[in-house]
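Asks: return atomic coordinates for the entry below.
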Amino acid sequence: MSEIGQVAYLALLALLAPFGAHRLRLLWLRVRRPARTEARTWRGPLPMVTVQLPVFNEANVIERVIDAACRLDYPADRLEIQVLDDSEDETTQLASRRVRFWHARGVGIRHVRRASREGFKAGALAHGVATSRGDFLLVLDADFVPPAGLIRDLLPPFDDPEVGAVQAAWEHLSPDATWLTRAQALFLDAHFAIEHEARYRAGLFFNFNGSAGMWRKDCVEAAGGWQSDTLTEDVDLSYRAQLAGWRFVYRDNVRVPAELPSSLRAVEIQQSRWTQGGIQSARKLLPRIWRQRLPMAIKFEATAHLVGHVVHPLTLTMAAALAATGWLARPGFGLPSSVHAAAVLLATVPFVLFYGAAGSIRKRRRLGRRIVEALLLGLGLGVPLTFAVLRGCGGRETPFARTPKRGFAPTVAYRARLAGGPALLRVALAVALVGAVVNAALLGLPAAVPFTGLFAAGYALASRESLRMPPAPAIPG
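Replies: Okay, the predicted model is just below:
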C-alpha cells in the first residue's frame, strides 16, 4: 500500500507540474516579446458607437454605471446607450429614472426590456445588437465605472479593418479593502498584465472579458453572434471570431475600474461561473480549433487556456491525499525530504513569480502578503470549483448566476447552490489537513509539514471566511 501511495502522490505532482510550467511560459513570453504598437488616433469621421449595459437585479450599482456611461467623452450625435435590463426587482425603476434624467439632457439613451430572460446575458446582448445603430459596440457590466475617455482610447486600433475587438485592462475600485479583494486583484492583475499581454505580444488567441471592451459589429455578426450554450459567452464568441480570421487587440495602458466581490460567496459564484463556462467552451471549441489550419503555438495555447480549470480537481485530490496520509504513522507517504521540498517548490515558485511579476507591473504595495493571500484563496476555492468543472464536463445546463455586488444580500437560491455538501467537504478537509500537520510535527517528520501546511492554511482560511458569513435573510411570509 505504501508503494501505491507513493506512486499516486508522484503522479499527482506530475499532473500538476504543467500548470506551473504554463504560468512560467506566459511570463517568459511577456518579458521576451516586444510590446506591439497599434494606431493611437482615429482617422476620418467618428463612427457611431453603441454602449451596451447588460443588467439583472443591479439595484446597488445601476445608477452609477448609467451616469458613468452618459458622461463618456464622445459626440452625442455619434453615441447610443442601451440599458439592457432583464431585472425583476427595483433595478428597473431606478434605471428608468436615470434614463429619463439623461434623455432630457440630450443623451441618446434607451431603456430596453425583453419579454423574457432567455439566453441570460448573451440573450440580452444579442437583442441589443439586433436593435443597435452603432458600427462599434462597447460592453460594460453594471459594476464598472468607465473613464470618460474610454471610447476614444479603444477606437483607434479599429482603423485596421481586420481588428474585430479591442479589450481594455480591468482596474479595481477597492483592491485593498480586505484580504479577499487583495487576492482577487492580484488574480486579475496577472490575467491582464501577464496572460493577455503575453498572448497578444506573441500573436496568440486571447479572449474578450465580458466587459470593458469594444467590438466591431460586423465581427460579432460574422462570427455567429452571442450564443448562450456556455456560461462564458465572452470566451465563446472571442474564439469563434478569431477562428473566423478577426484580429484582437489588447490595450494594457487603458484601465477600467470595477468592483471586486466583497464576500467569499460572491467570489465562489463568479469563479464557479467562469470555471464551468470555461470547460463548456473547451468542449465546444477545441475540436474546431484542432481541425482548423492554425499554427501549433495557437492550438496549444488555446488548449492550455480553455482546459486550465482542470487544475482544481487535481489540487482537491492532492488535498484529500495529504489529509488522509497525514494521520498515518508515516505522513508524507514515507517519501524522502527531497521529494517534499520539490513539491513545495513546484506548488509555489511558478505562481510566486507569476503573481509577483503582475503585482510589480501594477505597482501593488505589500506584494509578499498579496502573493500569499492569492495562493491561499486559490487553494481554498478548490471544492466549489471542482464541482463547477464536473458540471462543465457533464454538460449540465446551469442558469447564469450573476456576481453579487456590494451590499447585496444573497438569496436562498444562491445559498442553496453553495451550501450543503461542498461547504461541509471544505470544512472537513480543513480540519483533516490541520490535524495532519500537527501529527507530522509530533512524529518528528518536518519534511511533510510545509506542503501539507500550505493546503491546510488555504482550506482553513476559506472555511473561516465561510463561517463568518451572515445567516440567510428571513423569507417574508
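Asks: residue 295: neighbour count?
Replies: Per other Cβ atoms under 10 Å, the neighbour tally for residue 295 reads 10. The C-beta positions use only the backbone N, C-alpha and C, and glycine is treated the same way.
Asks: mind checking how far it is from residue 205?
Replies: Using Cβ to Cβ, to the nearest Å, residue 295 is found at 10 Å from residue 205.
Asks: again, but for residue 192
Replies: As judged by Cβ to Cβ, residue 192 and residue 205 stand 16 Å apart.
Asks: just give me the residue right at the centre of this structure.
Replies: With distances taken as Cα atoms, centre = their mean, the residue of the chain nearest its centroid is residue 274 (5.7 Å).
Asks: what's the helix or strand for that residue?
Replies: In this assignment (DSSP states H and E), residue 274 forms part of helix 264-291.
Asks: next one: residue 459
Replies: Using DSSP H and E, residue 459 maps to helix 449-467.
Asks: how about that helix: buried residues?
Replies: For helix 449-467, the buried set under the neighbour-count rule, 16 or more other Cβ atoms under 10 Å, comprises 449-463, 465-466.
Asks: likewise for stretch 303-312?
Replies: Buried, per 16+ other Cβ under 10 Å, within stretch 303-312: 304, 305, 306, 307, 308, 309, 310, 311, 312.
Asks: I'd like the distance between the spatially closest residue to the third one that is not a sequence neighbour and residue 303.
Replies: I take that to be residue 306. Nearest in space to residue 306, with sequence neighbours left out and distances taken as Cβ to Cβ, 6 or more residues apart in numbering, is residue 282 at 3.8 Å. Note on residue 282: its distance to residue 303, by Cβ to Cβ, is 8 Å.
Asks: same thing with residue 102?
Replies: Counting by Cβ to Cβ - residue 102 and residue 303 are separated by 45 Å.
Asks: follow-up on the earlier one: what angle sits between the helix holding residue 459 and helix 264-291?
Replies: Following axes from the mean of the first three to the mean of the last three Cα atoms, to 10 degrees, one obtains 120 degrees for the angle between helix 449-467 and helix 264-291.
Asks: what packs against helix 449-467?
Replies: Using 3 or more Cβ pairs under 8 Å, 6 or more residues apart in numbering; DSSP states H and E, the elements in contact with helix 449-467 are helix 264-291, helix 311-325, helix 337-361, helix 367-380, helix 421-442.
Asks: check the offset of that helix from the chain's centre.
Replies: 22 Å (Cα atoms, centre = their mean, to the nearest Å).
Asks: contacts for that helix next, please.
Replies: Residues outside helix 449-467 that contact it (Cβ atoms under 8 Å, 6 or more residues apart in numbering) are 180, 264-265, 315, 318-319, 322-323, 326, 331-332, 340, 343-344, 347-348, 375-382, 423, 426-427, 429-430, 433-434, 436-437, 440-441.
Asks: low-confidence stretches in the protein?
Replies: In the predicted model of the chain, residues 1-4, 329-332, 396-397, 399-402, 404-421, 469-477 satisfy pLDDT under 70.
Asks: now do the strands in it.
Replies: All strands of the chain, identified by DSSP state E, fall at 49-55, 79-85, 109-113, 136-139, 163-172, 213-216, 247-258.
Asks: nearest residue to residue 365 in space, please, no chain neighbours.
Replies: residue 176 is the one closest to residue 365 (Cβ to Cβ, 6+ apart), at 7.9 Å.
Asks: quick one: residues contacting the nearest residue to residue 456 once chain neighbours are set aside.
Replies: Closest residue to residue 456 apart from its sequence neighbours, by Cβ to Cβ, 6+ apart: residue 433 at 3.6 Å. When contacts are counted by Cβ under 8 Å, 6+ apart, residue 433 touches 319, 322, 323, 326, 452, 455, 456, 459, 460.
Asks: and the first one, how far from residue 457?
Replies: Taking Cβ to Cβ as the measure, residue 319 and residue 457 are separated by 11 Å.
Asks: try the second one
Replies: Here residue 322 is placed at a distance of 12 Å from residue 457 (Cβ to Cβ).
Asks: now swap in the third one and tell me
Replies: To residue 457, residue 323 is 13 Å away according to Cβ to Cβ.
Asks: quick one on the thing from earlier: now do the helix holding residue 274 and helix 421-442, the angle between them.
Replies: Angle, helix 264-291 to helix 421-442, by the same axes, to 10 degrees: 100 degrees.
Asks: which of the helices and strands packed on helix 449-467 sits closest to residue 115?
Replies: Proximity to residue 115 (Cβ to Cβ) singles out helix 264-291 among the helices and strands packed on helix 449-467, at 24.5 Å.
Asks: which strands and helices sit next to that closest one?
Replies: helix 179-189, helix 233-243, helix 296-306, helix 382-394, helix 412-418, helix 449-467.
Asks: what does the third one contact?
Replies: Contacts made with helix 296-306 from outside it, assessed by Cβ under 8 Å, 6+ apart, are listed as 22, 199, 202-207, 235, 239, 278-279, 281-282, 285-286, 289-290.
Asks: that one vs helix 233-243, what angle?
Replies: Using the same axes, to 10 degrees, helix 296-306 lies at 170 degrees relative to helix 233-243.
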